Structure formats: C-alpha cells, structure tokens
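A.B. asks: need a structure here:
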Amino acid sequence: MPLSRRKFLFLSFLGVSGLLFLDAFWIEKYLVNWSRHDLRKGGGKFIKLLQLTDLHIREIKTYHKWIAKRIIREKPDLIFFTGDCIDWPKHLGVLEDLLKLIPLEIPKIVIMGNAEYDGKITAEMYHQLFGKYNGQLLVNNSVEFVVRKRKINIVGIDDLLNGSPNFETATDEIDKSLTTIVLNHCPLYRDTIDQLNQHLKVNIKLILCGHTHGGQIQIFGKEFFKPGGSGRYLNGWYKSDESLMYVSKGVGTSRFLPIRFGARAEIPIFYL
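C.D. replies: You can find the predicted model right below:
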C-alpha cells in the first residue's frame with residue numbers, strides 16, 4: 001500500500017528528529033574525536049602530549065573506560081588535565097576511579113578550572129588525589145620535564161574566573177630558553193599572556209585551553225552558548241604574534257545542558 005504524502009512527511013520528520021536526538025544525546029557526547037596535531041618541523045623524534053579537559057565526570061560510564069583503553073594504546077609521554085575535571089567534592093572518588101584506569105607510569109599535570117572553584121574543590125584535594133597517580137597540580141607555577149633527553153617547561157595558570165591567574169609569577173623561575181607549554185583553562189587569559197610575554201620573552205610553543213565546550217551546540221559554526229572567560233575564542237587553533245593556542249571542545253557537558261550538537265567531544269593529541 002503506497003504511503004500518502006502526509007504519512008511520508010510525518011515519518012520523515014520522525015526519522016530526522018530521531019537522528020538529531022541520537023546525535024545530540026549520544027553520538028557527539030560519547031563518541032570522542034581523537035584529533036592529532038603535529039608541531040614538529042620536518043618530522044623525527046617527538047614528545048607525545050595528550051589533553052583531557054572539561055571532563056565534568058559524575059560517574060564512570062562505558063565511554064570513560066573506552067577513553068582509558070585508548071590512552072593505554074596511545075602511550076602518551078604526558079597527560080594534561082586542563083580544568084573542570086569534576087564539579088563537586090563528592091565526585092573525587094569517581095575521578096580517582098578514572099585515574100586508576102590510566103597507567104600509573106604516565107605523568108599527569110593538572111590545573112584548576114572554574115568548576116572546581118565553584119564546587120569548593122580545593123588545591124589540597126587535587127594535590128593529594130593526583131599525587132597518588134603520578135600527577136602534579138600547578139597553580140601559577142611550573143615544572144621542568146625531561147623526556148628522552150629533551151627538556152621542556154610545563155606552566156600551569158590558575159583559573160581566570162574564580163582564581164588568581166598570574167603568568168609572570170608562574171614563569172618567574174623557569175629557563176626561558178626551553179620549549180614551554182602553557183596550561184590555561186579559560187582562553188580569554190591568553191590575551192594577557194601575549195601582552196606580558198612581549199617583555200618576559202618565554203619560549204612559548206603552545207597554549208592549551210578548554211572551558212568553552214565548543215559551545216556544546218553549534219549551528220553553521222555559530223555557538224549556542226559560550227561561557228564567560230572565553231573571549232572571542234571557541235575551539236580549535238588560534239595564532240598570534242606571541243603564541244599558538246589550541247582550545248579543545250573537551251569531553252563532558254555542563255550539568256545544565258547535557259547535550260552536544262555540532263561540537264563533538266574531543267581529546268587532542270600533540271606531537272612536539
């Protein structure tokens with residue numbers, strides 16, 4: 001029996017609506033895009049860096065286990081947690097469950113995001129937790145890493161919205177000639193970093209940010225919502241005279257808008 005035009009349109013509407021619902025509530029949230037970015041000149045040996053940002057983890061789900069298994073396969077030299085891992089202290093145990101799934105031998109560097117401060121998660125809580133899993137919290141300070149005889153600086157900036165970011169203090173004792181990676185949750189503070197570095201002359205190779213979630217909903221490249229502290233930045237690469245910055249769309253979602261559309265969850269990998 002042939003379908004009437006009205007039934008055909010109705011069924012088509014249901015089909016498209018179902019696909020959009022599946023995309024927004026499952027595909028773009030849970031099927032993570034592992035993007036790769038090669039910053040070497042001419043190839044050769046590399047340091048492999050992996051960025052996890054805006055996890056907003058509330059419970060361990062299947063896709064978190066998938067992420068941990070993929071990390072094991074990727075074997076990064078360093079993992080960066082660039083803010084908003086969790087929203088409340090009650091989720092510290094859940095974050096620990098995730099850390100248990102990641103090989104202990106992989107060094108981990110973490111910075112604070114606005115969600116940690118909003119939820120009253122203290123720096124001491126993160127010092128204790130990440131310290132158990134070969135991790136280190138940076139709050140306006142730095143650490144020098146040696147990876148296969150290569151030395152690099154890792155600089156961690158405090159959150160812009162609820163903390164006290166200070167790039168000058170964070171880089172006060174570093175060897176400024178070394179390649180430097182800056183971890184900075186809110187991308188708007190990049191403008192201040194650029195301004196300060198005109199006289200500080202730190203050898204910034206890359207600034208890694210999160211916070212924006214890529215707007216969580218993008219339609220034709222226009223975000224539905226962008227939180228304060230984002231500035232003119234949304235996601236992807238931004239180059240200025242002073243620095244190169246990557247803003248990751250992150251993995252999780254806000255508790256108020258638990259969907260993604262046109263802003264698929266992301267874990268970037270960088271070859272340095």
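A.B. asks: got the contact list for the most centrally placed residue in the chain?
C.D. replies: Central residue of the chain (Cα atoms, centre = their mean): Thr53, 2.5 Å from the mean position. When contacts are counted by Cβ atoms under 8 Å, 6 or more residues apart in numbering, Thr53 touches 80-84, 185, 208-211, 248, 250-251. Just so you know, the C-beta spots here come from the backbone N, C-alpha and C atoms, and that holds for glycine as well.
A.B. asks: Need these in a markdown table (columns: distance to Thr62, neighbour count and pLDDT).
C.D. replies: Shown next, in a markdown table, are those (distance: Cβ to Cβ, whole Å; neighbours: other Cβ atoms under 10 Å; pLDDT from 0 to 100):
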| residue | distance to Thr62 | neighbour count | pLDDT |
| --- | --- | --- | --- |
| Phe80 | 24 | 26 | 98 |
| Phe81 | 21 | 26 | 98 |
| Thr82 | 24 | 26 | 98 |
| Gly83 | 24 | 30 | 97 |
| Asp84 | 21 | 29 | 97 |
| His185 | 27 | 30 | 98 |
| Leu208 | 27 | 23 | 98 |
| Cys209 | 28 | 30 | 98 |
| Gly210 | 23 | 32 | 97 |
| His211 | 26 | 30 | 96 |
| Ser248 | 22 | 26 | 97 |
| Gly250 | 18 | 31 | 94 |
| Val251 | 14 | 25 | 93 |
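A.B. asks: before we move on, back to that, pLDDT value on the residue nearest to the centre of the chain, please?
C.D. replies: pLDDT, Thr53: 98.
A.B. asks: for the residue lying closest to Ile121 once chain neighbours are set aside, phi and psi?
C.D. replies: Nearest residue to Ile121 in three dimensions, chain neighbours excluded: Pro89, at 5.6 Å (Cβ to Cβ, 6 or more residues apart in numbering). Note on Pro89: its backbone torsions stand at phi -60, psi -30 [degrees, to the nearest 10].
A.B. asks: Quick check: which ranges of the protein have low pLDDT?
C.D. replies: Residue ranges of the chain with pLDDT under 70: 1-30, 256-257.
A.B. asks: try 90 this time
C.D. replies: Scanning the chain for pLDDT under 90 picks out 1-31, 41-45, 148, 214-226, 252-264.
A.B. asks: Quick check: Tyr133 touching Leu101?
C.D. replies: No: between Tyr133 and Leu101 there is no contact under Cβ atoms under 8 Å: 10.2 Å.
A.B. asks: which of the two has more neighbours?
C.D. replies: Tyr133 (17 against 14; other Cβ atoms under 10 Å).
A.B. asks: What's opposite the closest residue to Arg190 other than its chain neighbours in the beta bridge?
C.D. replies: Distance criterion Cβ to Cβ, 6+ apart; nearest residue to Arg190, sequence neighbours excluded, is Met245 at 5.2 Å. Met245 forms beta bridges with Ile207, Tyr238, as assigned by DSSP bridges.
A.B. asks: okay, now Met245: neighbour count?
C.D. replies: Met245 has 22 nearby residues by other Cβ under 10 Å.
A.B. asks: coming back round to it: who's in contact with the residue nearest to Ile121?
C.D. replies: 119-121, 125.
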